[in-house]
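*Asks:* Just the structure for this:
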Amino acid sequence: MGRQRRNKEKKQRSVTDRGHWASKTEYLLVVAGNVVGLGNVWRFPYLCYKNGGGAFLVPYVVFAVLCGVPLFLLETFIGQYTQEGCITCWGKLCPLAQGIGYGHMIIKLYDFGYILVQVWALFYLVSSFQTPLPWATCNNTWNTESCVTLQDSLSPSENLTSNNTRLRNTSSAAVEFWERRMLGMSMGIEELGTVRWDLALCLLACWVFCYFSIWKGVRSSGKVAYFTATFPYVMLLVLLIQGLTLPGAADGIYFYLYPNIRDLANLEVWIEAGSQIFFSYSLAIGTLNVLGSYNEHNNNCYKDCFWLCLLNSGTSFVAGFVVFSVLGFMAHQLGVTVDAVAESGPGLAFITYPQATAMMPLSQFWTVCFFLMLFLLAVDTHFVTVESFVTTAVDLFPRWFRAPVRRELFVLAICGVCFLVHLVFVTQGGIYVFQLTDFYGSTRACQDFVAICECLAIGWIFGADRYMDLMEEMTGQRPSVFFKLCWKFITPSLLLFSLLLYVIDYQHIKINNWYVYPDWAYSLGVAITLSSVVMVPLWAAGQMVWTSGNCKERLLVLCRPEDPVWKKRRTEEGRGMTEPYTAVLQTSH
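*Replies:* You can find the predicted model right below:
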């Protein structure tokens, strides 16, 4: 009997015990690794150059202060207070808003496709050990007769008219490596073609790495982050020092930071700044909720959020010097202006920057450094996204998945199924599928809408004052009244305005400004966007139907938070509650 009782108690503990970070350092490293990603390297520098240079920092800082930091703090504390994933946490705060969590889960499923960027980085990393670099010449089996090297395609000519005519039907060696060697691009999404097996092997390696990063939960992901979150900064520092010493680096930095005050009058610049804040801070996708849920309940997340947001924005700013010093060197070598070689997104990371490093002494070394940094930046973001999905599912069904062995099998099943599904991304038409799901699955409209719902649920239904009281009780530090104003008024108003502008100025995605998707693909894209957005009203409507009572009674039940989780824990431990905490509970009913 005693053994059976002990086994029962052990089983019960395995169901109820979620675990915590082994140390505060692990939490900070994992969050930093998640929020500091490719958006800092290939998106922020170009947006800064494109939208007013140094003047772009004005709208960027405004959105960081009015939207970024308040939402970062709000989402982190939701997880820390409830100790739950991004679905069940809302059941403890505002059951009517639990659809927000389901919206987060659907967005995460689309975000799993982010692993494809990691696959590309790994492919380029392996290719970087070849001599000469395969994207620097036209002597490869995949090159066409129209292939030209970078010097030929951008070098000035005495007769510019004849030079442009000669190059009109050519393609650079770097573009051909990207499109023909790695992707093997078909003519459109209708032609998926065959699987690119070298990319499939990279995909398998990335999912295996992801599995062993999270299979033990935060016990394993926290340890992995010691390397994956810190080593990119070493590479970034090395590349920064090297870039600043190149000839022409000053010209690139001038293009990067030259302030154009007139651009501040352009509304699109402000929208781009807000979009960058959401993208780089990982807002409105539920990840911050989950990572915060593994903190101790009295952790000072108020201070953590300031430092993490500052780290993210600072990394973006420094990455601009790394990127544009190299672009300045590239422009100097070719005798063109920086705007002739500057671009954003995958084109910057996988075409322009590799071309530039190919022109440097020790080109293989600098290329390896760059793609190793890119790979590790993608690794962090991806395995944290998968971990947050797993944690939320486990919290939703603890009796099924929380036992250690079952959780490991559950993670293995997710990684295995996702690998098989993502094989479509490494087909010849996979780039078209990836761009479609990436653009519509986590578009700004989804994040703006979900963030507005978060602010309404916390600021108005749960109550901003109650939220601040709980934060003061748990962290020992009361947030500024500024955050209350942001959660209730400023942040949702700005996001609503941004959402309306997005809808009014909506444009379908194109690839390379020439490929137009068929109508059915655009319809599918809109359905992908709505699949996460509609979860909020659908869940609220379903709860209103399932809850007993008249309409007013149902709203009262669904808008009232449950007793705080710590009430039960402290009662079980026999410590009772302090007077301030008891007062908070009384005000919550």
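
*Asks:* Any idea how far stretch 319-333 is from the middle of the chain?
*Replies:* Mean-position distance between stretch 319-333 and its chain equals 25 Å (Cα atoms, centre = their mean, to the nearest Å).

*Asks:* To clarify, my last question referred to stretch 96-115.
*Replies:* With Cα atoms, centre = their mean, you get 12 Å for stretch 96-115.

*Asks:* Same question for stretch 397-417.
*Replies:* 24 Å.

*Asks:* In it, which residues are buried?
*Replies:* Within stretch 397-417, the residues scored as buried using 16 or more other Cβ atoms under 10 Å are 398, 401, 402, 403, 407, 408, 410, 411, 414, 415. C-betas here are computed from N, CA, C, even on glycine.

*Asks:* just stretch 173-193 next, same as before
*Replies:* 173-186, 189.

*Asks:* about what we covered before: closest to residue 341 out of the buried residues of stretch 397-417?
*Replies:* residue 415 (38.4 Å; Cβ to Cβ).

*Asks:* how much space is there between residue 326 and residue 350?
*Replies:* Shown here: residue 326 relative to residue 350, a distance of 14 Å by Cβ to Cβ, to the nearest Å.

*Asks:* Of these two, which one has the most company?
*Replies:* residue 326 (28 against 25; other Cβ atoms under 10 Å).

*Asks:* I'd assumed residue 253 was in contact with that one.
*Replies:* No. Contact criterion Cβ atoms under 8 Å: residue 326 and residue 253 do not qualify, at 10.5 Å.

*Asks:* which residues do the two both contact?
*Replies:* The contact sets of residue 326 and residue 253 do not overlap (Cβ atoms under 8 Å, 6 or more residues apart in numbering).

*Asks:* show me where the stretch 151-300 of the chain has strands.
*Replies:* 171-172 (DSSP state E, counting those that start in this stretch).

*Asks:* typo on my end, it should be the chain
*Replies:* In the chain, the strands defined using DSSP state E lie at 147-148, 171-172, 510-511, 515-516.

*Asks:* packing partners for the second one?
*Replies:* Judged by 3 or more Cβ pairs under 8 Å, 6 or more residues apart in numbering; DSSP states H and E, strand 171-172 is in contact with strand 147-148.

*Asks:* what does the strand it packs on rub up against?
*Replies:* When contacts are defined by Cβ under 8 Å, 6+ apart, strand 147-148 is touched by residues 138, 167, 170, 171, 172, 173, 176.

*Asks:* Check pLDDT for the residues you listed and point me to the minimum.
*Replies:* Least confident of these in the model: residue 167, at 49.

*Asks:* center of this protein - which residue?
*Replies:* Central residue of the chain (Cα atoms, centre = their mean): residue 282, 4.9 Å from the mean position.

*Asks:* how about that residue, what does it touch?
*Replies:* Residue 282 makes contact with 34, 35, 288, 381, according to Cβ under 8 Å, 6+ apart.

*Asks:* For residue 102, which residues are in contact?
*Replies:* Going by Cβ under 8 Å, 6+ apart, residue 102 touches 87, 535, 539.

*Asks:* Relative to residue 334, which of the buried residues of stretch 173-193 is nearest.
*Replies:* Distances from residue 334 to the buried residues of stretch 173-193, taken by Cβ to Cβ, are shortest for residue 174, at 13.1 Å.

*Asks:* I'd like the distance between the closest one and residue 220.
*Replies:* In terms of Cβ to Cβ, residue 174 sits 37 Å off from residue 220.

*Asks:* Any regions of the stretch 151-300 of the chain where pLDDT drops low?
*Replies:* Counting by pLDDT under 70, the stretch 151-300 of the chain contains low-confidence ranges at 151-169.

*Asks:* Tell me where it has helices.
*Replies:* 160-167, 173-176, 197-214, 218-228, 231-244, 249-257, 267-281, 287-293 (DSSP state H, counting those that start in this stretch).

*Asks:* Quick check: which of those is nearest to residue 29?
*Replies:* Nearest to residue 29 among these is helix 218-228; the distance by Cβ to Cβ comes to 4.0 Å.

*Asks:* what's the angle between that closest one and helix 197-214?
*Replies:* Counting by axes from the mean of the first three to the mean of the last three Cα atoms, to 10 degrees, helix 218-228 lies at 120 degrees to helix 197-214.

*Asks:* and helix 218-228, what does it pack onto?
*Replies:* In terms of contacts (3+ Cβ pairs under 8 Å, 6+ apart), helix 218-228 is packed against helix 24-35, helix 197-214, helix 363-396.

*Asks:* residues in contact with that helix?
*Replies:* For helix 218-228, contacts defined as Cβ under 8 Å, 6+ apart pick out 19-23, 26-27, 29-30, 33, 212-214, 294, 376, 379-380, 383-384, 387.
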